[in-house]
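Engineer: Sharing a model that was predicted from the sequence below.
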Protein chains: 2
Amino acid sequence: MKQLKAEIVAVGTELLLGQIANTNAQWLSQQLAQYGINVYNHAVVGDNLNRVEEAFLQAQNRSDIIIVTGGLGPTDDDLTREAFQQISKLEMVEHKATLDKIERYFKNHTSKMTPNNRKQARIFKGCTVLENNAGMAPGMKVELEGRVWFFLPGVPREMKRITTDEIVPFLRDLTGDEQMIKSLVLKFIGIGESTLEHELKDLIIAQSNPTIAPLAQDDGVVIRLTAKGASEKQLDELLGKTKEQILARVGGHYFGENDQTIEQVIVELLLKQNKKMAAAESLTGGMFTEKIISVSGASRVCSGGLVCYDTAIKRNILGVTEQTIQEKGTVSEACAYEMAEQIRIKFASQIGIGFTGVAGPDEMEGQPVGKVYIAISDKNGYKKVESFLFNGARSAVRKRACLKGLELLFNYLKS
Amino acid sequence: MKQLKAEIVAVGTELLLGQIANTNAQWLSQQLAQYGINVYNHAVVGDNLNRVEEAFLQAQNRSDIIIVTGGLGPTDDDLTREAFQQISKLEMVEHKATLDKIERYFKNHTSKMTPNNRKQARIFKGCTVLENNAGMAPGMKVELEGRVWFFLPGVPREMKRITTDEIVPFLRDLTGDEQMIKSLVLKFIGIGESTLEHELKDLIIAQSNPTIAPLAQDDGVVIRLTAKGASEKQLDELLGKTKEQILARVGGHYFGENDQTIEQVIVELLLKQNKKMAAAESLTGGMFTEKIISVSGASRVCSGGLVCYDTAIKRNILGVTEQTIQEKGTVSEACAYEMAEQIRIKFASQIGIGFTGVAGPDEMEGQPVGKVYIAISDKNGYKKVESFLFNGARSAVRKRACLKGLELLFNYLKS
């Protein structure tokens, strides 16, 4: 099969004003990827005839399959038809079945059909009409000088419905059985993108199927594997083998795949090990406990937590010793450890975790902004305290401390 | 002022595979719109040198301001620098300050700096370095044959930070005085978008300067006023007058403007009134306390909080009475109130707030998913308990409960 290039062109000024994100392009790209069709470009243009025409010309020059979303509605700023007419010189005709449908709609809703509604029934002569089972304006499939064009409404619900009903069968026929695509996302914590890539450099260079792409995200690094093959079985084998190679090198930082989050994995491990945890949080202010409790089923593994922002709370409610507070300070290894130990005991849990540090904006007890201590204590005498110096402002320091706590707890649970 | 054309080019195969939506382009478009700069195109290309180069050439030909996101990372598929070098023929040099920062980072984290990290310090000779206060790779501003190029990392947090710190001041200077645009966002809590619109319908229809656009957001409803005028003074007058008209009708739900969050306003009110608060959270699991503590300065008004997910914690640590637990249950008005009262007393605060309810997935004590009680108690004997039945799944119920708690506390503080 020839390697087809696809492109998605979105028409609509609301996208260029940032009123909405181009989630249509995202969804369509997922569909195309599933059938092994490479999307090489997304383009967004506003409701302006010249610029839409320019985008269409460019797509006609560089892509085999072009999907256009938006600009098919009844109002004057819906210009997709007009712009494509400019480049294709195709005649437009009124589609009887669509016009009937529009007239029926207005009759049923006993509202007056304004003349501009007829516009939605206008189609290119000789096109394939793609029925819209979720709205008024139909989609169209047009072939022009070896390129296949699909025109879809911009409303996501209608766009998706027509794609599923009418375009997906076309894609399935097009690609046949020869080429399927499948992605697997491997998720890592506690390792940077650059280190990960360094460790896997030769694999990344050598592999073409699956491709291996590392990507930094807010809560860690992921590696996306994308395989092409003739069957589900072949895809799974390709992905499985590469996953194995990768984990042989950096498996120590691996925690899950695809949509799994680190907090989900932690809750699963706690459930499996039949353990409960509790957290004492100073600078993280409840963020860590909130992460754990956000997972469905957390009630069985998290007894709760204490936000001990005040020194008085650390001492009076949690039971950090006066000696530690006076001699070591609240931003100290000793304090973090006592927090972890005390919360574990007071909250009748197997595991306690403690966070203390300086979120900023000001330094505290002579410690700089970003200095953080995290401790874990368990009922068998396990004791770990680590110190960190995080970059960034208040909110970044707090998030990083929380993420590091998740990493430490995950490492403790899997060891 | 010449009407400037801006374009946003996103580089990254993950966008073309539909793994993420191009929310960077959306956010940047909003920023540019605010300064009256027209965005005419969004383009997305994958991690492929030729195609990135092609997209850059096109942008250079048609746009005055080009913002590129992504492709600045340390790995081999980060090709933005290389592609721009092809079209600009600019020399690349190592930026000492960035390299120092990277080396310092790895030293502080006692992890090994792999050679590919040096790549992030490579900049175009003569460019303006845009400091990245949220990450490693700096942004760059480059002028090329009358066009202004901005290069930004693809990670949204870093992209936003550099834009706010370094690009917004540039845009502000650029648009000068002739036709100025100013927006004012009014923020509301405890009122729905449709009700708000209904109350303001005639104003919305009649006004063209400023325009009045209501918009539902995750944490309430906002109204964006956008005025055009010749001077700052004229803009402020236009905006001020319309604001006054709006608040005369729906001012009871108004809490702040622009970037102000409800939690910031609460912390300010607490500071002004010289009061401290503490929260006892069951189903919200720390989310409420976390919101308050996320505000800089919260340490002076929030003594802390208790996440009492377990009944045992409610009883043993917090001091909810056995009688209430046995006779009314933990999901009850009485329990919510005792939680609020006890946390206030135990945490030596003027105000206590308590959250209890059923987040789901399963019902509890015969109460349906979504049932939530929130109570406020103060040291002068003020006592308020309200019950709610929130729609939605676990995560929605928890967020709504937290938001409603913020609303109740705000209303208490301003009354």
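Structural biologist: Arrived safely.
Engineer: any idea how far the residue nearest the centre of chain A is from chain B?
Structural biologist: The C-alpha lying nearest the average C-alpha coordinate of chain A belongs to residue A:259 (CA atoms, centre = their mean; 8.3 Å). Per CB to the nearest CB, to the nearest Å, residue A:259 is found 11 Å from chain B. In this view, the C-beta of every residue, glycine as well, is placed from N, C-alpha and C.
Engineer: element containing that residue?
Structural biologist: Assignment of secondary structure by DSSP states H and E places residue A:259 within no helix or strand.
Engineer: residues from the stretch 1-150 of chain A in reach of chain B?
Structural biologist: Contacts of the stretch 1-150 of chain A with chain B, taken as CB under 8 Å from any CB of the partner chain, map to A:15-18, A:20-23, A:25-33, A:38-46, A:48, A:51, A:55, A:58.
Engineer: Let me see the domain layout of chain A.
Structural biologist: A:5-175, A:180-257, A:262-414 (automatic domain parsing).
Engineer: Just say which of the ones you listed is most tucked in.
Structural biologist: domain A:262-414 (a mean of 21; mean count of other CB atoms under 10 Å in any protein chain shown).
Engineer: For that domain, the averaged confidence score.
Structural biologist: Here domain A:262-414 scores 95 as its mean pLDDT.
Engineer: I'd like the distance from it to the chain centre, please.
Structural biologist: 28 Å (CA atoms, centre = their mean, to the nearest Å).
Engineer: Need the three-state assignment for residue A:222.
Structural biologist: strand (DSSP: H, G, I helix; E, B strand; the rest coil).
Engineer: what's the answer for residue A:182, then?
Structural biologist: strand.
Engineer: And the closest residue in space to it that isn't next to it in sequence, which helix or strand is it part of?
Structural biologist: Leaving aside its sequence neighbours, residue A:182 sits nearest to residue A:235 (CB to CB, 6 or more residues apart in numbering or on different chains; 4.1 Å). Assigned by DSSP H and E, residue A:235 falls within helix A:232-250.
Engineer: Strands of the stretch 101-250 of chain A, residue ranges please.
Structural biologist: A:122-124, A:128-130, A:139-144, A:147-152, A:180-188, A:211-217, A:220-229 (DSSP state E, counting those that start in this stretch).
Engineer: Could you pick out the residues of the stretch 151-300 of chain A near chain B for me?
Structural biologist: Near chain B, when you scan the stretch 151-300 of chain A using CB under 8 Å from any CB, you find A:183, A:185, A:192-195, A:197-198, A:201, A:204-205, A:213-218, A:224, A:226, A:279, A:281, A:284-290, A:292-294, A:296, A:298-299.
Engineer: Just to be sure, which of those are found in helices?
Structural biologist: A:193-195, A:197-198, A:201, A:204-205, A:287-290, A:292-293 (DSSP state H).
Engineer: Pick the one among these closest to residue B:407.
Structural biologist: The closest of those to residue B:407 turns out to be residue A:290 (CB to CB; 19.0 Å).
Engineer: which residues touch residue A:276?
Structural biologist: A:270, A:300, A:301, A:302, A:303, A:347, A:348, A:349, A:350, A:351 (CB atoms under 8 Å, 6 or more residues apart in numbering or on different chains).
Engineer: Leaving out sequence neighbours, find the closest residue to it.
Structural biologist: residue A:349 (4.3 Å).
Engineer: can you check residue A:340 too?
Structural biologist: With CB to CB, 6+ apart, the residue lying closest to residue A:340 is residue A:354, at 3.6 Å.
Engineer: which strand residues sit across from that neighbour in the sheet?
Structural biologist: Taking DSSP bridges as the rule, residue A:354 bridges to residue A:280, residue A:375.
Engineer: for it, what are its contacts?
Structural biologist: So residue A:354 contacts A:279-281, A:335-341, A:343, A:373-377 (CB under 8 Å, 6+ apart).
Engineer: Apply 6 Å and report the result again.
Structural biologist: Going by CB atoms under 6 Å, 6 or more residues apart in numbering or on different chains, residue A:354 touches A:280, A:336, A:339, A:340, A:375.
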